[in-house]
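Peer 1: Predicted coordinates and the sequence they were generated for:
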Amino acid sequence: MSNLSAFVDSILATLSNVFVLLVGLLLITAIILYFIDVFQTKHTIRRNYPLLGRFRYLFERLGEFFRQYFFAMDREEMPFNRAQRSWIYRAAKNLENAQAFGSTYDIGKPGNLLFINSPYPILTEEKTDIEPITFGPYCEQPYKTSSIFNISGMSYGAISKPAVRALSKGAALAGCWLNTGEGGLSEWHLEGGCDIVFQVGTANYGVRDSNGHFSDDRLRIVAAHDAVKMIEIKLSQGAKPGKGGILPGAKVTEEIAKIRLIPPGQTSNSPNRHLDVSNDEQLLDKIKHFREVSGKPVGIKAVLGDGSWMDQLLTVIKQRGEASAPDFITVDSGDGGTGAAPMTLIDDMGLDIQETLPMLVDKLIEHGLRERIKVIASGKLVNPADVAWALCAGADCVVTARGFMFSLGCIQAMQCDKNTCPTGITTHDTDLQRGLVVKDKSQRVANYQQNMIKELYTIANSCGVKNPRHFTRRHARVILQSHKSISLEALYKG
């Protein structure tokens, strides 16, 4: 018994000594930091309030997480609120998305959207399959697809290898297409066996020569893959119209450098426009050249300003003949996403898709090119109502990047540019990537896409149409400041 008591006393004595040592080290550290703060000249708060001023930075860092998890209401957060994310998470996990008691959606808030139910909704056995559309009637290899909800551009490099693999496999399971983003085509895009839209940005990643200029031979190599169905020339992106992509050097690994055909370890900034395109004629020449080299449909992605540019472009197309037109136009929203961009562009540049999508569709109708040029809508369209609105407004297809990021497990940590993404989606840290299990996440990608289609059918059938392809502007209404609503048909008329 005395031995046990002596052992306990020795343990307590050791712990006491360790505690005293830790307190002493903390005190010494605090004194050192105090004097560092007093004599440094860069930070006013730390100089005036030595040591205590340091807590300001800690609280700033923790504040965003406390707001996200404890203080923000379900429909308050930006860029995506908890209600939006929750629907995607449950859809991706194939969980029931039914809700009890009533809606938390403020249906009387100006700008909010409502769909118009039919007195005679479509029965389950009356619904029909979504009709296919054909891209590129004037090219050697047109692309025919029934998929109306697809994965938007996310470059390998901006996102991780397991993320690309999961998206590729998930897209194949769901039967939708995957856009490569401007970072080139990798074996991981091809691995899943899905349809692929290859995007060419202003830096010509993956299809450039040693000087960074576009290479016909490189494009032929890319287009030779059967999985590559279309080519998208990116003129601008929602979060940074007027500025090219930014890939920090920490993300330019040897593999990514080889795919993009750039030096490894160096930050890569794309030009803010294609060097060989400064007017509509040159743009149409580039589209024609890409189509001839690849043999596949070629379209453009752009953030639209006012409608005057579309009038000019479509007028030139009519003069040259409709064969010269892009096979599709992907219209991105001014509030689109990015891995990295200046705040002034993210916040203050580019029009919202709620204005530009109907504008684009109406311009195509006005110039007699609506059937020739397909319309793809992009930009924060992540929930069923968002997608249904875009189809009502006139889009042929909808694409999203951040919606599918959420299906992979993204928690909106806002660290896409820091190589520290805690979910492994936008980092090349293999320890962090370990949490992203491709087999599991690819199924969640497919579940999200398939549950989106399921919910679109629910809205369409409630509106009295047999499938989502049949949405028109009369099926949706927007709440005005007067708290009355107006149909999209009347809102965008003229």
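Peer 2: Looks like it came in fine.
Peer 1: buried residues in stretch 363-379?
Peer 2: Residues of stretch 363-379 classed as buried: 363-364, 367, 369-370, 372-379 (neighbour count, 16 or more other C-beta atoms under 10 Å). From N, CA and C alone the C-beta is placed, and that goes for glycine too.
Peer 1: Over to it now: how far is its first residue from its last?
Peer 2: 20 Å (C-alpha to C-alpha, to the nearest Å).
Peer 1: what stretches of the protein score poorly on pLDDT?
Peer 2: For the chain, the stretches with pLDDT under 70 are 1-4, 7-9, 59-78, 101-102, 238-240, 242, 339-341, 347-348, 494.
Peer 1: Kindly reformat the buried residues of stretch 363-379 as a markdown table containing distance to residue 105 and secondary structure.
Peer 2: What follows is the buried residues of stretch 363-379, written out as a markdown table (distance: C-beta to C-beta, whole Å; DSSP: H, G, I helix; E, B strand; the rest coil):
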| residue | distance to residue 105 | secondary structure |
| --- | --- | --- |
| 363 | 32 | helix |
| 364 | 32 | helix |
| 367 | 37 | coil |
| 369 | 37 | coil |
| 370 | 32 | coil |
| 372 | 38 | coil |
| 373 | 34 | coil |
| 374 | 31 | strand |
| 375 | 27 | strand |
| 376 | 27 | strand |
| 377 | 22 | strand |
| 378 | 24 | strand |
| 379 | 21 | coil |
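Peer 1: ok, those residues vs residue 14, which is closest?
Peer 2: Distances from residue 14 to those, taken as C-beta to C-beta, are shortest for residue 379 (61.2 Å).
Peer 1: I'd say that closest one and residue 332 touch.
Peer 2: Yes. Between residue 379 and residue 332 a contact is recorded at 5.1 Å, counting by C-beta atoms under 8 Å.
Peer 1: who touches the residue nearest to residue 491 when sequence neighbours are not counted in this structure?
Peer 2: Once flanking residues are discounted, residue 491 sits nearest to residue 478: 6.0 Å by C-beta to C-beta, 6 or more residues apart in numbering. For residue 478, the contact set (C-beta atoms under 8 Å, 6 or more residues apart in numbering) comprises 111, 112, 113, 114, 485, 486, 488, 491.
Peer 1: go again using 7 Å as the cut-off
Peer 2: With contact set as C-beta atoms under 7 Å, 6 or more residues apart in numbering, residue 478 has these partners: 111, 113, 485, 486, 488, 491.
Peer 1: Roughly how far does it sit from residue 79?
Peer 2: Taking C-beta to C-beta, to the nearest Å as the measure, residue 478 falls 21 Å from residue 79.
Peer 1: and what of residue 455?
Peer 2: Residue 455 is 21 Å from residue 79, by C-beta to C-beta.
Peer 1: who's more crowded, the two?
Peer 2: Summary of the neighbour comparison: residue 455 and residue 79, criterion other C-beta atoms under 10 Å, with residue 455 having more neighbours (19 against 14).
Peer 1: Quick check, the more buried one in contact with residue 383.
Peer 2: No. Residue 455 lies out of contact with residue 383 (C-beta atoms under 7 Å); the separation is 8.3 Å.
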